[in-house]
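Participant: Below are the sequence and a predicted model for it; my questions follow.
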Amino acid sequence: MTMRASPIPKNGNCPTGYNTSGKMCVPGPNARPAIAKNGNCPTGWNTSGNYCVAGPNATEAIPRVGSCPAGWNTQGNYCVKKSNVE
């Protein structure tokens, strides 16, 4: 499954590839997925202002709240989806 860029709440400047629309950052046609930065970005994700932006080999990541769901690994303040190749 390919990750898709989605609108995210605006916190400072929008990450590269996103445009401001009210209180949201909306992805442009070539935008990579982005999540709010909370500590170090997960492996494969790069810092862009207050966001972590997926690099070309990034695995899907979500902010961690408590324990990560089944099929996900804890990585700092994020849950990262386990890869299919292990």
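Facilitator: Looks like it came in fine. Numbering: from 1, shown residues only.
Participant: which stretches of the chain form strands?
Facilitator: 8-9, 18-21, 24-27, 34-36, 45-48, 51-54, 61-63, 72-75, 78-81 (DSSP state E).
Participant: what pairs with the fifth one, and is each one parallel or antiparallel?
Facilitator: Here the strand partners of strand 45-48, with direction, are listed using DSSP bridges: strand 51-54 (antiparallel).
Participant: Distance from the partner strand to the middle of the chain?
Facilitator: 5 Å (Cα atoms, centre = their mean, to the nearest Å).
Participant: what do you get for stretch 67-81?
Facilitator: Distance, centroid of stretch 67-81 to centroid of chain: 13 Å (Cα atoms, centre = their mean).
Participant: what do you get for stretch 47-54?
Facilitator: What separates the centre of stretch 47-54 from the centre of its chain is 7 Å, taken as Cα atoms, centre = their mean.
Participant: Now do the buried residues in that stretch.
Facilitator: 48, 51, 52, 53, 54 (16 or more other Cβ atoms under 10 Å). To be clear about C-beta, it is placed using only N, CA and C from the backbone, and glycine gets the same treatment.
Participant: of all those residues, which comes closest to residue 9?
Facilitator: residue 51 (10.2 Å; Cβ to Cβ).
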